[in-house]
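Chemist: 3D model of this:
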Amino acid sequence: MQSRAQDHHRERLSGAMREELSTILAGELGDPRIGLLTVTDMVLQPGGKAVHVYVAVEGDDEEAKQTMMGLSSATGYIRHELAEALDLRAAPELTFHLDRSQQIGSRIEELLKRTKKKRAPK
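Modeler: Next up, the predicted model:
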């Protein structure tokens, strides 16, 4: 069982990592494959040795695929920059995941609107 101090430290570290990752991903990567993206969620594993980063990519499926490939190849650089910026002894392992929740939500809203129109009395 973790103490409150450990929980608080993890929350602070997670917040600082999210901010720094957003900054790195927004402007410091020169890979042309990486398009416009947003960090939607970040899950710091117990012990802080691994981080799952969820990103939403603007554009179609091909752009998302290219962006994920670019992120995958830039992982070492991102880890290094993250460790340096946050003064960490060891950079956590980063795993990037494509977050399609916004696209799915939009599609669900569209389908709900269609069913409401069909059910509306004439």
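
Chemist: quick one, helices of the chain?
Modeler: Taking DSSP state H to define them, one finds helices in the chain at 4-23, 61-73, 75-86, 101-119.

Chemist: give me the buried positions along the third one.
Modeler: Neighbour-count burial for helix 75-86 flags 78-79, 81-82 (criterion: 16 or more other Cβ atoms under 10 Å). C-betas here are computed from N, CA, C, even on glycine.

Chemist: of the residues you listed, closest to Arg4?
Modeler: The closest of these to Arg4 turns out to be Leu82 (Cβ to Cβ; 25.7 Å).

Chemist: just confirm the closest one contacts Ser22, I think it does.
Modeler: No: counting by Cβ atoms under 8 Å, Leu82 stays clear of Ser22, with 11.1 Å between them.

Chemist: the buried residues of helix 75-86: which two are farthest apart?
Modeler: Arg79 and Glu81 (7.4 Å).

Chemist: okay, how far is it across stretch 77-95, tip to tip?
Modeler: 13 Å (Cα to Cα, to the nearest Å).
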